[in-house]
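Enquirer: Here's a sequence, model it:
(chains A and B)
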Amino acid sequence: MSSRLEKPIFEYSVTGRGAEDQWPRDPGTAATDDLPAKLRRGKRPLLPEVSELEAVRHFTRLSQLNFSIDTHFYPLGSCTMKYNPKACNQYAMLPEYLARHPLSPESVGQGFLACMYELQEMLKAVTSMQAVALSPMAGAQGEFAGVAMIRAYHRARGDLERNEIIVPEAAHGTNPATATMCGCVVREVPVDAQGDVDLEALAAAVGPKTAGIMLTNPSTLGVFERRIEEVARMVHAAGGLLYYDGANLNAILGKVRPGDMGFDVVHINLHKTFSTPHGGGGPGAGPVGVSARLAPFLPVPIVGRRGERYCWLTERDLPQSIGRLSGFMGNAGVLLRAYVYMRMLGREGMVKVSEHATLNANYLLAQLTRAGFDAAYPTRRASHELIITLRRQAKELGVTAMDFAKRLLDHGMHAPTTYFPLLVPECLLIEPTETESKAALDAFVAAMGDILAEAVKEPERVTGAPHTMPVRRLDDVRAAKQLDLTWKPAGAHAIPSTS
Amino acid sequence: MAFIPHTRADVESMLAAIGVGSIEQLFDEIPANLRLAALSNVPEALSEMEVGRLMTERARLDGRPLCFIGAGAYEHHIPAAVWAIATRGEFYSAYTPYQAEASQGTLQLLYEYQTMMASLTGMEVSNASLYDGASAMGEACLMAVRANRKSRSRRILVPSTVNPHYRRTAAAVAGNQGLVFEELPYCTEEGCVPAGALARYDGEDITALVIQQPNFFGRLEDVDALCDWAHARNILVVAVVNPTSLALLKPPGEWGSQGANKGADIAVGDGQPLGVPLSSGGPYFGFMTARMEHVRQMPGRIVGRTLDAAGRAGFTLTLQAREQHIRRAKATSNICTNQGLLVTAAAVYLSLMGPAGLERVAAASHARTRELVGALTRVPGVRRLFRGPVFHEEAIALDRPAAPVLEKLAARGILAGLDLAEHYPELGPALLVCATETKTSADIERCAGALAECLREARAA
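Expert: Residues are numbered from 1 along each chain as shown, chains lettered A, B, ... in the order given. All right, here's what the predicted structure looks like:
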């Protein structure tokens, strides 16, 4: 990683410069003489005026200020930062796929639609669901689709009182936020000391207002919810449905399926389990799978098959659909990447994924424990991720989970997820993924050991970290109080640019 | 296989360190009766060579027809540098920049993107993007409800000249929170919303008015009159715009004529025209910009510039107290994504185009569309559907049903336009057509010639 900061691209701008080789020929002013003067733009927008090389160099330099999977170990819990195979990108970016207009007729796109149909079938197989819709564009949108379908299901039966969604207190923030977006009320239930849902509290929470429960299994605590069948019985008996948040599917791929555990609806994060790129924050894809009773409510469009031809199923075919979640069919290019990945894994590879992800997590748990760290759930197996708590170190040494996270950056490793789940104090949620080697894991354990030793001898080195990144710790309070959200020409700025 | 690096010796020493005899034992907390014996319905693994062959064969099957469909997704030239940069592993395989010190590249790029989009739309602030244009319109309506404290109705007026898929998406995204979308009729001769259509809402409690410019038919709405009407009644204005058009058209921030109260309150749209391939509908990105006074009601990531511990400028995610990972059930949205990779492409694209290049793209696309509509309306039985100005897209009427004609043209490798029958049956047989700078005069002549032949054949049959 480069340690040299790069000035904003606007500061390279020179009036009249431009990458003219990229521009179309000037059609002349007559070409637009039909646009009325009062609807025309007056002042030109503030866009860079740079040569192609200047732009390429600027953005390449920016890229060198990032950690990424291609360059660094990235054990970010709950995010499944595994290797994104290059083939997935290359074959999703064949010119025919890139050029295909989303409103092309079905006759133009049988090859593409075949991939999408088979992707739906494979996702049904790995989740044990009856039908799948590919259109949700991220996990959170998949959650939205799932809860919206649960609501639509109850309404269609005339069961209008069910507006409560139960979530365990350790749930991802998206779960309660999604419930709100769907017009539901959130009811949190606690988990017990072993990390399982507190069944007594659940029994007290379910009732005639229960629309459903949202669960991740293995949970966000990095352990498998052992009494899932009991949970399913209780929620179903109360008339509610079970929503499976697929964030942790990598842990159980090919080993146990949400449908077999009793879930009625699932979303799958293709950017986690099926290795599509995270792209600095997106795009993702969050297809949803449902049991037969929710199938009429799936978002459209869906890929269907009539005889040997693939076709779109729309509102006409699913009149009870919760509707459309995107302008077209969702993140098609992401879906193609996941399709290529799944075909490369095959049924044998899928099992190997969960096995080695779990092996890596349990190995890290064992080695970190040996190195003097405290597991949050020491009596439990880790799933594909594990939690350690630095409560003791914070108290005894004054060095927090955040300090460990920042110091890891100096060791050339991305930090694990910090302070999530919220109920484990000073926690690090660590997910190595199956694509990391034993050597990479050993290096991580060694780095953690070094930081722990340093925290005893020279704690300010740790609390002042990072020391080798392009910037030191940033002032978040200032960022939120003195909002600086767009670049302004020299003189107008509170903060001088670095160059 | 499966990109797993472990040797047998690695596995054995790891199992020994854990203290178990087999990998299988690591799954012993899962109830045995739930365990899966084997995955059926998933095919056997393919090598990269085999999957490459499969994908290439399927791509060939789809081919590359000559396409004159727009309707919310536009085929523009994409400089080679755009995706060469975006697919660099450092951008492609990085996560959301939570660890700011190790993500300055992504963060600075997002800040630069926010600057470009705010300026292009004439607004003060931009978020770091949403999923796509359609869902961004839904989020904008939810945001308008939060921002408009003078209104309690949650009623949103949406002209039926707004992209039909956007309207459906907004209803699906926002409908569960009690928003009511009321459709404003349009003039079937003009193809846009007459300001008079609003009069019947005078004196009623309305939260927001959505205005798409150019509208779904490519027609230019009288945005100043619509915006003034809304602002005079404390109704917020949500603009839905095509970013390419903004090189030539008045940006939402300047709509209306009311001095300090000028301009739309929130602007959204699909960023696809800015360097993102058509790719069957996604991934694209939705942009959202707004007036500064509404920034705390915005959904999605926002990047800010601040200082580090050594007093140097740096970038970080900011205003996170709006977001789901902090605020949970009280967040402005459940969204975590920004379409980072697509925004990377757009930032590179806009840097290569600059203000002059983007103007050229807009003007050249408009010129090609005029040429196309001219050529098509010289074909007997084809005429312009609406009178009045358009930008880079236009509706034409045919003298017979469009579907069979389009099918014949598709068989000749030409996608001549979008059939308007599904969403606007009241218009009779009609097509929405679009050309961009990527089309040549020869392409346009080929399309017009083929259309003439197909119509002749249909008439003869």
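Enquirer: Which residue, other than its chain neighbours, is closest to the closest residue to chain A within the stretch 101-250 of chain B?
Expert: Nearest to chain A in the stretch 101-250 of chain B, going by C-beta to the nearest C-beta, is residue B:172, at a distance of 3.2 Å. The C-beta positions use only the backbone N, C-alpha and C, and glycine is treated the same way. Nearest non-adjacent residue to residue B:172, counting by C-beta to C-beta, 6 or more residues apart in numbering or on different chains: residue A:323, 3.2 Å away.
Enquirer: tell me the pLDDT at the one you found?
Expert: In this model, residue A:323 is scored at 97, pLDDT.
Enquirer: Tell me who's in contact with it.
Expert: Shown in contact with residue A:323 (C-beta atoms under 8 Å, 6 or more residues apart in numbering or on different chains): A:299-300, A:315, B:168-169, B:171-172, B:175.
Enquirer: Kindly recompute the last result at 7 Å.
Expert: With contact set as C-beta atoms under 7 Å, 6 or more residues apart in numbering or on different chains, residue A:323 has these partners: A:299, B:168, B:171-172.
Enquirer: Equivalent analysis for residue A:305, please.
Expert: Per C-beta under 7 Å, 6+ apart, neighbours of residue A:305: residue A:117.
Enquirer: What distance do you get for the residue of the stretch 101-250 of chain B closest to chain A to residue B:342?
Expert: For residue B:172, the distance to residue B:342 equals 22 Å [C-beta to C-beta, to the nearest Å].
Enquirer: So between the two, which is more surrounded?
Expert: residue B:342 (29 against 23; other C-beta atoms under 10 Å in any protein chain shown).
Enquirer: give me the element that one is part of.
Expert: Element membership for residue B:342 (DSSP states H and E) is helix B:340-377.
Enquirer: Report the mean confidence score over the very next helix or strand once past that helix.
Expert: The helix or strand immediately downstream of helix B:340-377 is strand B:382-384, counting by DSSP H and E. Taken as a whole, strand B:382-384 has a mean pLDDT of 98.
Enquirer: just stretch A:233-240 next, same as before
Expert: 98.
Enquirer: Show the residue spans covered by the helices in the stretch 1-150 of chain A.
Expert: When assigned using DSSP state H, counting those that start in this stretch, the helices of the stretch 1-150 of chain A occupy the ranges A:52-63, A:86-92, A:95-99, A:110-127, A:139-156.
Enquirer: With mean neighbour count and distance to chain B as new columns, can the ones you listed be given to me in CSV?
Expert: Output for the helices of the stretch 1-150 of chain A, formatted as CSV (neighbours: other C-beta atoms under 10 Å in any protein chain shown; distance: least, C-beta to the nearest C-beta, whole Å):
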stretch, mean neighbour count, distance to chain B
helix A:52-63, 20, 4
helix A:86-92, 20, 4
helix A:95-99, 19, 4
helix A:110-127, 22, 3
helix A:139-156, 26, 5
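Enquirer: so can I have a markdown table of those helices showing mean pLDDT?
Expert: Formatted as a markdown table, the helices of the stretch 1-150 of chain A follow (pLDDT from 0 to 100):
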| stretch | mean pLDDT |
| --- | --- |
| helix A:52-63 | 98 |
| helix A:86-92 | 98 |
| helix A:95-99 | 98 |
| helix A:110-127 | 98 |
| helix A:139-156 | 97 |
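Enquirer: Tabulate these in a markdown table, adding columns for distance to residue A:73.
Expert: Listed next are the helices of the stretch 1-150 of chain A as a markdown table, based on distance: least, C-beta to C-beta, whole Å:
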| stretch | distance to residue A:73 |
| --- | --- |
| helix A:52-63 | 18 |
| helix A:86-92 | 19 |
| helix A:95-99 | 32 |
| helix A:110-127 | 27 |
| helix A:139-156 | 23 |
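Enquirer: For residue A:184, which of those helices is the nearest?
Expert: helix A:139-156 (6.6 Å; C-beta to C-beta).
Enquirer: Would you mind listing the two of the contacts of residue A:323 that lie farthest apart?
Expert: Across the contacts of residue A:323, no pair lies farther apart than A:299 and B:171, at 12.3 Å, counting by C-beta to C-beta.
Enquirer: between the two, who's got more neighbours?
Expert: Using other C-beta under 10 Å as the criterion, residue A:299 and residue B:171 rank with residue A:299 on top: 28 against 19.
Enquirer: and the host helix or strand of residue B:267, how far from the chain's centre?
Expert: Element membership for residue B:267, per DSSP H and E: strand B:266-270. Chain-centre distance of strand B:266-270: 9 Å, with C-alpha atoms, centre = their mean, to the nearest Å.
Enquirer: So what are the sheet partners of that strand and their directions?
Expert: strand B:236-241 (parallel), strand B:286-290 (antiparallel) (DSSP bridges).
Enquirer: Chain A contacts on the stretch 151-300 of chain B?
Expert: B:165-166, B:168-169, B:171-173, B:176-178, B:220, B:224, B:246, B:248-251, B:270, B:277-283, B:295 (C-beta under 7 Å from any C-beta of the partner chain).
Enquirer: at 6 Å what do you get?
Expert: B:165, B:168-169, B:172, B:176-177, B:220, B:248-250, B:277-283 (C-beta under 6 Å from any C-beta of the partner chain).
Enquirer: Among the residues you listed, which are located in helices?
Expert: Among these, the ones falling in helices (DSSP state H) are B:165, B:168-169, B:172.
Enquirer: Which one of those is nearest to residue A:150?
Expert: For those, the nearest to residue A:150 is residue B:172 (14.6 Å; C-beta to C-beta).
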